[in-house]
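1. using only what follows, build the 3D model:
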Amino acid sequence: MFRRAILSYLSVAFLLAPTAVVSVEAQYNVDVFPVSGIRAGLHGVAYTVFEGTKPEPVDVEMLGVLKGMAGPKSDVILARLHGEKVEFTGVVAGMSGSPVYIDGKLVGALAYRIGAFSKEPIAGITPAAYMFEINEFDNAPTSISAAATTVNPAVGAGRTATPNGVTADVTTSGYVNLLQPIETPLAFSGFSEDTLGLFADRFAFSGLVPVLGAGSVSDTRQPEALQPGSAVSAVLVRGDMNIAATCTVTYVDATRLLACGHPLLQSGKVDIAMTKATVLATLPSSMNSFKIVNATEPVGAFVQDRRSGIMGRFGQQPDMIPVVLNVGGTAHPKQFRFEVLNNPKITPTAIMATLFNALEGMNEYGEDTTYRLNGSIEVQGYPDVDVQNMYAPNDSAVPTAMAIATSIGERFTRIYENLYDTPRIAGVRLNFELLPERRSARLESARTDVTEARPGQTISIETMLRPYRGEGMVQQIPVTIPASTPKGTLRILVSDGETLDRVKRVPPAISRKLALGSTIALLNKEHSNTRVYVSLMEPNPQAMVSDNVMPTLPLSVINVMDGMRSTQEMFVVGESATSEASVPVDYVVTGAQVITLNIR
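-> Residues are numbered from 1 along each chain as shown. Predicted coordinates for the structure are as follows:
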């Protein structure tokens, strides 16, 4: 009896005891050099590729530990790199992730540099323990083999390598930022200088540094196995146009790898194509040295993008968006095929850049070219987003190709920004017909012969359109006054499609809260810009719940519906568009006129 009680007590005590802490070495079967063991004067070795695919050793001299430098409880190890190559190039963009070892134990990854124009290659190291935390965010088994953390004997036990710059970055915030992540070069191939000039800031805002003529993407087989110190690429766009970011492998085993030592986009869970890479050359620069890289054989997908680095899985296929652009109406029709990553943060920008680049790069592109567009964005599980419009040059400084890119990019942004559904964009097909003239027309006037009308009566609206450098065109548009129209003044809006959409548009604060199905329905209800619209605007309020419109509601009903705001997204405007008529014209229409009519 007594013995049974003792055993029961011990069992309960065991269950209630704190969970034992599993060391990094036990959890990952890898020798890690602790941050607490870092002392000034200790020497280690880093591995990185300067040319080709073989990592080279670089001597690393430890200078100390910067406590909390990368954030709360996120230390950075400061080190000086030694060696002929690294002292010539400095800290190199693309070097981030280069593994650092002391006595065969993994210290961490080169990840930071000190300013620009530095006279010494001083770098910051992200400790290995911080990088191994990334594995905990993944759904896969938590064990990582030790094989990949062993220094490759063929690489040797050399000494140090890398850094570059120094100057302080004085920002508009009024502070000097010395310690910065080593840039991850975002290499563009198949792109023009004009495209990079327009979109570089958008990519840089996401933490990437666009460079032109510094590499390409192919599916060329690369027999050399990835190892710590190898170059590895994250491919954002591949096909007839390519965008790839390259950094260095810190850790690799049979199922996954860790790289960079800092985030690419810091998007958390991601799905980005992962490839091997070959370094063609390392270009020295007093301002910012960088690696010229070709992304080669696909090997899997990056699945995590965290503060301390990125994680890739071998054999996993990335879910990329296939895009087909057909351009006709010319003597030499063209088709562009490529794939774009599926990521809310960067996909809209990538789509805009590729679309602008394809159109602007054609011989037929000119200041007076008009584009007739029809196509679709396929969202799995939902109706396609229809894309039908015409784009003509106007008097603004915005190129026509940029206006098209912005319009399509906005659709992607609205698809991604909903709070309820995760969109899977299954494909994009856009068909362009080029017209070698400026087909734009301004709504010059609108009038009607009557000043009074009765409910149920049909009246005619006469419009005058003035084409660019052309003769005026008169259009007659019949419209019927609804039988329910109350007595008094009726406003008649004669306008282009964009003006009418602006009148009815849901504010962005509410639009972002709509379900994906409602967002797509609203996108598909937008009006064409090649028609003249006549809308009857009654003074009664109109409510919109999701994508459903309820016109001419009495104030009493609006007051009752006001309680719906807590459970549904409701938007109320002061007047209702009760009836709508239109006529097609083969021009991009701009302008608006308002006619008033007395209803008896």
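2. helices of the chain, start to end?
-> With DSSP state H as the definition, the chain shows helices at residue ranges 2-16, 24-28, 84-89, 128-132, 193-205, 347-360, 400-416, 497-504, 508-511, 516-524, 555-561.
3. weakest of those helices by average pLDDT?
-> Comparing mean pLDDT across the helices of the chain, the weakest is helix 2-16, with a mean of 39.
4. quick one, strands of the stretch 351-500 of the chain?
-> Assigned by DSSP state E, counting those that start in this stretch, the stretch 351-500 of the chain shows strands spanning 370-379, 385-391, 425-435, 440-447, 452-453, 458-467, 473-480, 488-495.
5. now the stretch 501-600 of the chain
-> Counting by DSSP E, counting those that start in this stretch, the stretch 501-600 of the chain forms strands over residues 531-538, 542-545, 548-550, 570-573, 576-584, 588-590, 592-599, given from the N-terminal end onward.
6. of the strands of the stretch 351-500 of the chain, which is nearest A123?
-> When these are ranked by proximity to A123, the top entry is strand 425-435, at 38.9 Å, counting by Cβ to Cβ. Any C-beta I mention is one placed from the backbone N, CA and C, and that applies to glycine too.
7. what is that closest one packed up against?
-> Counting by 3 or more Cβ pairs under 8 Å, 6 or more residues apart in numbering; DSSP states H and E, the packing neighbours recorded for strand 425-435 are strand 321-328, helix 347-360, strand 370-379, helix 400-416.
8. got those as a markdown table, with distance to G315 and mean neighbour count columns?
-> Formatted as a markdown table, the helices and strands packed on strand 425-435 follow (distance: least, Cβ to Cβ, whole Å; neighbours: other Cβ atoms under 10 Å):
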| stretch | distance to G315 | mean neighbour count |
| --- | --- | --- |
| strand 321-328 | 21 | 18 |
| helix 347-360 | 24 | 24 |
| strand 370-379 | 27 | 19 |
| helix 400-416 | 27 | 20 |
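9. most centrally placed residue in this protein?
-> By Cα atoms, centre = their mean, the chain has its centre lying nearest to I346, at 0.7 Å.
10. so it sits against L265, correct?
-> Yes. Counting by Cβ atoms under 8 Å, L265 is a contact partner of I346 at 6.1 Å.
11. which residue, other than its chain neighbours, is closest to A79?
-> Beyond its immediate neighbours in the sequence, the residue positioned closest to A79 (Cβ to Cβ, 6 or more residues apart in numbering) is V60, lying 4.9 Å away.
12. isn't the one you found right up against Y47?
-> No. With contacts defined as Cβ under 8 Å, V60 does not count as touching Y47, sitting 10.2 Å away.
13. who has more neighbours, these two?
-> The neighbour comparison of V60 against Y47 (other Cβ atoms under 10 Å) goes to V60, with 31 against 27.
14. from G312, how far out is that one?
-> Remark: distance between V60 and G312 (Cβ to Cβ, to the nearest Å) = 25 Å.
15. likewise for H43?
-> H43 sits 30 Å away from G312 when distances are taken as Cβ to Cβ.
16. neighbour count: those two, which is higher?
-> Regarding H43 and G312, a neighbour count based on other Cβ under 10 Å identifies G312 as having more, with 26 against 14.
17. that one and D305 touch, don't they?
-> No. Applying Cβ under 8 Å, one finds G312 not in contact with D305, separated by 10.1 Å.
18. just give the closest residue to H82, not the sequence neighbours.
-> D59 (4.0 Å).
19. ok, back up a step: include distance to K73 when you put the helices and strands packed on strand 425-435 into a markdown table, please.
-> Shown next, in a markdown table, are those (distance: least, Cβ to Cβ, whole Å):
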| stretch | distance to K73 |
| --- | --- |
| strand 321-328 | 38 |
| helix 347-360 | 33 |
| strand 370-379 | 41 |
| helix 400-416 | 32 |
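20. what's the closest of the ones you listed to S192?
-> Proximity of these to S192 was assessed by Cβ to Cβ; the nearest stretch is helix 347-360, lying at 6.0 Å.
21. and the closest one with helix 400-416, angle?
-> For the pair helix 347-360 and helix 400-416, the angle between their directions (axes from the mean of the first three to the mean of the last three Cα atoms, to 10 degrees) equals 160 degrees.
22. so who does Q316 touch?
-> Residues in contact with Q316 (Cβ atoms under 8 Å, 6 or more residues apart in numbering) are 300-301, 303.
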